[in-house]
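# Return a 3D structure for these sequence lines:
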Amino acid sequence: MALTVLLLVELGLYASCFVCGIVTAASITIVQGNFGGRCILYGLVNYNATMSLIGLQSSSSSSLCYFVSAISVMAAVVCFSLSLYLLYSLCIDGEIKRGRIWMNLTVAVCGAFLFFLLITGCMLKIGRDSLCSSVLQAVSNVTRCEDAQTKNWVSPLKGGRFYDNLHKAETAVWVSFFFWLIIGVLVIIQRRQSLGSKTPAGGLFSDPGVTAAETEPFFNNPARPQ
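Down below sits the predicted model:
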């Protein structure tokens, strides 16, 4: 398959999804590290008004944040691998060759990542909103969740930029979801174009195993010598 604009766009989307996956995994890892390895999604906080300190009353299982990071890393690895394959085919063969099976596999991968990214995005959205709701209820002098980043937290917790990192991770997931959706559409379009270009001259429903000579009308055949 010759290099087309669609392939260039697809390659750029793979690179963008790779960046989004790294941003999500890094942001979640930073938040976990600042809170002693605890996953603050769906967490509850308490507030010591006397010392003006915010503490983490309860947190979610660490596996929740590990799941988000794992999905993001897997998406980044797949995007990196697909990008390398496309670039290798372009540099070695001068064109990118992908059969119908490869395209079907790519569409299946897109569907799988769309499903998991949708779950991941909802988890980040709902988990962050739940945490922020607890912050607003516990800390009386905070009207916005991001304002809690400037408050003092109980040692060794480091609450600085926790909201920014969670918001960054969520945004990267939804952007990656949108990009994977476009990739799936582009691959489907290229698959249809590839099938259309290989349609036999006899039409869409003709048998590809039949040669042109065999499809000639019977009465047009030259008379056999006596």
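
# Buried residues in the helix or strand hosting I28, which are they?
Assigned by DSSP states H and E, I28 falls within helix 5-34. By neighbour count on 16 or more other Cβ atoms under 10 Å, the buried set for helix 5-34 is 7, 10-11, 13-14, 16-18, 20-32, 34. For the C-beta atoms, the positions are set from N, CA and C on the backbone; glycine is no exception.

# now do stretch 176-194
The neighbour-count check on stretch 176-194 (16+ other Cβ under 10 Å) flags 176-181, 183-184, 186-187, 190-191 as buried.

# And the next helix or strand past the helix holding I28?
strand 39-48.

# Give me the buried positions along that following strand.
39-45, 47.

# In JSON lines: the buried residues of stretch 176-194, plus distance to C79, pLDDT and secondary structure.
Output for these, formatted as JSON lines (distance: Cβ to Cβ, whole Å; pLDDT from 0 to 100; DSSP: H, G, I helix; E, B strand; the rest coil):
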{"residue": "S176", "distance to C79": "9", "pLDDT": "95", "secondary structure": "helix"}
{"residue": "F177", "distance to C79": "13", "pLDDT": "96", "secondary structure": "helix"}
{"residue": "F178", "distance to C79": "14", "pLDDT": "96", "secondary structure": "helix"}
{"residue": "F179", "distance to C79": "9", "pLDDT": "95", "secondary structure": "helix"}
{"residue": "W180", "distance to C79": "9", "pLDDT": "94", "secondary structure": "helix"}
{"residue": "L181", "distance to C79": "14", "pLDDT": "94", "secondary structure": "helix"}
{"residue": "I183", "distance to C79": "9", "pLDDT": "92", "secondary structure": "helix"}
{"residue": "G184", "distance to C79": "13", "pLDDT": "90", "secondary structure": "helix"}
{"residue": "L186", "distance to C79": "14", "pLDDT": "88", "secondary structure": "helix"}
{"residue": "V187", "distance to C79": "13", "pLDDT": "87", "secondary structure": "helix"}
{"residue": "Q190", "distance to C79": "17", "pLDDT": "80", "secondary structure": "helix"}
{"residue": "R191", "distance to C79": "19", "pLDDT": "81", "secondary structure": "helix"}
